[in-house]
Structure formats: C-alpha cells, structure tokens
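1. Sequence first, predicted model second:
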Amino acid sequence: MRITVPPALTASHVKYDGEAGRAWSAGLPALAERYLEEWELRLDGEPGHGVVSLVLPVLRTDGTKAALKLQPVTDENATEAMGLRAWDGDASVRLLASDPGTGTLLLERLHADRPLSALPDDIEALTILTELLARLVAHPAPEGMRRLGDIAQAMLDDVDKALTKLPRDRDRRWLRWCADAVAELVSEPGDRLLHWDLHYDNVLAADREPWLSIDPKPLAGDPGFDLAPALWNRWDDVVATGDVTRAVLRRFDLMVDGLGLDPQRAAGWTIGRMLQNALWDVEDGERELNEIGLAVAEAVRVRS
C-alpha cells in the first residue's frame, strides 16, 4: 500500500512552518517506510492526521492492531513518550515503542472515528472526561518533565510586552487581572502529571476500556491547569443553555468535585490558561482578546 500524505496535513505544516514544514511533510513517506521496516509493521488502512501528526493504522508481526504516529519534534510533544510511559495505559492510550530522535510513536490502536465529542449529552461526556483526568493526574510527574512553575513565570514575564499590543482598555484590564491571579499561584505550581490538552476530541473509544485519552502534551503541575479545555470546547452546548456563566460553572464545579480540587486554586489555574491563550494570540498578531476565553474567565472568577 502506497503511503500518501493528506494535503490538509501538508497545508497545516506550511501554515505554521513555511517551506520547512513543506519539506518535512514531503519526507513523511520515507520516514514511515523506515519505521514500518524497523518495527516490522504492515499497513492496515488509510492514514489519518491531526494538525501536526500523520497516523497510520498498522499491524504488528503477531497481528496486533496498532497506530504509527509520525510528527516533528517540538517543545509541545518532546515529553509525550515520557508521559505515556508513566501512565502505562492508565486512562491513556498505551505506548508500544518510541524513537525520541524523530518523535515517532507506536501506539495502541483506538477507534479514531468514535471521539467523545460525538456523545450527544454534554454532561455525560464531561463526566467521562473528568473520570479519565482524575486517573491521569493521580500519577506523579517523572523527573525531567516540563514544569508548570517555569511556564507560568514565563507567562508573567511576557505580560508587559503584550499589554502594549492591546489597544482596548477592557482587554488590558483583563490581561492584568489574569496575570495577578497567576502571580498568586506561581510559587506553588504542583507536581502531578498533567495532560495539558484534554478535550473531547482527545478522548477516543477503545477496546481495552470504553474510553482512553490521546495526544497529551505532558507537564508537571497543578491539576487545576488541566480543566480549561473541557470548559471552552463544545461551546455551542454552553451557548444553547441561554446562560453562559451558569453553564461554565456547572462544568467547572463538576470537574472540581470529581477531582477533589480546591475551587479557588482550580479557578486561579483556569484563569492561567486564559492568560496563556491570550499571550499566544497576541504573539500571533491578534489585537483583541478572545471572547470565549473572556467568558470562561469571567465565569470562574466567582470561584477565585
């Protein structure tokens, strides 16, 4: 079976990395062939992809179904294998093999066509996600993992520069307030193993368990920093309730209770995620803060 790179994946790499991204994408078929040979794998279907990675369904020599994940090494995914190894399949897809030099992973195969986002009931989906997150953050972060304290301090260091690029007083006030919330927590960043990107499309149906998480960006820190993606994803469900603040708080309180977190700290770290996203947006050229992020921050503010 010939390995083809989906045009959308190439377009994504060109968007973020220009010609270097195009070159990396062009080299994917040869990279895939290398690991098919080295790990004795056989293609077993059409490729899938996300924003960054190419995922090939494969069979191992014993007939076991697996997934070959090919991605360029970045700061975000450099610790992915380390985190997956620490979880060892507990609430997470299981790592079968890895090559840290290229970022290539061989993973347990899940059902990519059955994400948690497809469940029609928002609260049922959130309850499943929260139960998985509770198991993930029960693990201590291994040595060598990126640390939330360092990331939070770097965020605070970037605030003054970002403020100069926001023309609206409202946005500058919000950015300062978010930064103040993070400054109160930065000295106690936590030591749990965080997923950092646990939302409904990063949970897939599985055979070993009903649902498992995928695609972590592992980080050592406070579990409160892991709540935000589930608060702003499926945003149409939030808006459809007619009361955005109440709906966000319902999600937030469910997760805080399910994880046994202190609501005030969890709110502070959730606001920290809003700060992080805002700084990323400003760095990318945005001149106004994201309205969904502001709505989430305003909602959880009552718990902080």
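-> All right, it came through fine. As the structure is a prediction and not an experimental result, all values here were calculated from the model. Residues are numbered from 1 along each chain as shown.

2. buried set for the helix or strand encompassing Thr245?
-> Element membership of Thr245, judged by DSSP states H and E, is helix 244-259. For helix 244-259, burial by neighbour count (16 or more other C-beta atoms under 10 Å) applies to Val244, Thr245, Ala247, Val248, Leu249, Arg250, Arg251, Phe252, Leu254, Met255, Val256, Leu259. For every residue, glycine as well, the C-beta is placed using N, CA and C.

3. Closest one to Met274 out of the residues you listed, please.
-> Val248 (11.7 Å; C-beta to C-beta).

4. residues contacting Leu41?
-> Tyr35, Val58, Leu59, Arg60, Ala66, Leu68, Leu106 (C-beta atoms under 8 Å, 6 or more residues apart in numbering).

5. Among the residues you listed, which pair sits farthest apart?
-> With C-beta to C-beta as the measure, no two of these lie farther apart than Tyr35 and Leu59, at 13.5 Å.

6. So for those two, which residue has more residues nearby?
-> Higher neighbour count among Tyr35 and Leu59: Tyr35, with 21 against 16, using other C-beta atoms under 10 Å.

7. number of nearby residues for the closest residue to the more buried one other than its chain neighbours?
-> Take Tyr35 and drop its neighbours on the chain: the residue closest to it by C-beta to C-beta, 6 or more residues apart in numbering is Thr104, 5.6 Å away. For Thr104, the neighbour count with other C-beta under 10 Å is 22.

8. surely Thr104 meets Leu95?
-> No: in this structure Thr104 lies outside contact range of Leu95 using C-beta atoms under 8 Å: 11.4 Å.

9. coming back round to it: quick one, which of the contacts of Leu41 are buried?
-> Looks like the contacts of Leu41 have Tyr35, Val58, Leu59, Arg60, Ala66, Leu68, Leu106 buried, using 16+ other C-beta under 10 Å.

10. Show me these that map onto helices.
-> Tyr35 (DSSP state H).

11. Return the subset of the buried ones among the contacts of Leu41 lying in strands.
-> Val58, Leu59, Ala66, Leu68, Leu106 (DSSP state E).
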